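Chemist: no sequence for this one, just the structure:
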Ligand SMILES: [Zn+2]
């Protein structure tokens, strides 16, 4: 199996396989320096594109580099991520044919700027945020409306941290639930 980075119809460039991959195959490590969530905030606040992956411990973030970081998001992916002893791997979620683009579900969280999805899948949820995070944002918006819908800038001036975090990708709760049971 050889992986190739080339232009993708979904976004910029993507990662393609030039050979068929069987379901369950461990394809590549999502590797990079380990940094703290605070460091990620400091380094990437307001950055348009990040390659951050939040580990399940809730504290460590991988600042992705290498081929895996080029993989695009899809709401109907052919790959998934899994953490094994503090390392993150991309696995084949189904049999993948030679020439296919390798895609995983970013399940983004920790940011409020729009993250529109262009995966083109019939199952597309329209955003790269995780379903958990979308629910959280909706609850937050509902609370804000209740409190008289102050503009965000005013809240910021009041010393409240509003939208400073860079977005981070992670494993969705549903994957975790499946792994545990
Ligand atoms: Zn999508």
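Modeler: Received, thanks. Owing to the predicted nature of the structure, the values given are computational and were not obtained by experimental measurement.

Chemist: going by neighbour count, which residues of the lengthiest helix in the chain are buried?
Modeler: The residue-count maximum for a helix in the chain (DSSP state H) belongs to helix 131-146. Residues of helix 131-146 classed as buried: residue 133 (neighbour count, 16 or more other Cβ atoms under 10 Å). From N, CA and C alone the C-beta is placed, and that goes for glycine too.

Chemist: do that helix and the ion meet at all?
Modeler: No. Using Cβ under 5 Å from the ion, helix 131-146 never reaches the ion; the gap is at least 12.1 Å.

Chemist: would you check that residue 95 makes contact with residue 25?
Modeler: No. Applying Cβ atoms under 8 Å, one finds residue 95 not in contact with residue 25, separated by 9.3 Å.

Chemist: so between these two, which is more surrounded?
Modeler: Between residue 95 and residue 25, counted using other Cβ atoms under 10 Å, residue 25 has the larger neighbour count: 16 against 13.

Chemist: tell me the confidence at the more buried one?
Modeler: Per-residue pLDDT puts residue 25 at 97.

Chemist: so what's it up against?
Modeler: Contacts for residue 25 (Cβ atoms under 8 Å, 6 or more residues apart in numbering) come out as 1, 91-92.

Chemist: in contact with residue 104: list those residues for me.
Modeler: Residue 104 touches 71, 73-74, 77, 79-81, 90, counting by Cβ under 8 Å, 6+ apart.

Chemist: same thing with residue 76?
Modeler: Residue 76 is in contact with 119, 121-124, counting by Cβ under 8 Å, 6+ apart.

Chemist: dump these to CSV, plus neighbour count, pLDDT and distance to the ion.
Modeler: Putting the contacts of residue 76 into CSV (neighbours: other Cβ atoms under 10 Å; pLDDT from 0 to 100; distance: Cβ to the ion, whole Å) gives the following:
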residue, neighbour count, pLDDT, distance to the ion
119, 21, 95, 3
121, 14, 95, 5
122, 7, 96, 10
123, 9, 93, 7
124, 15, 96, 3
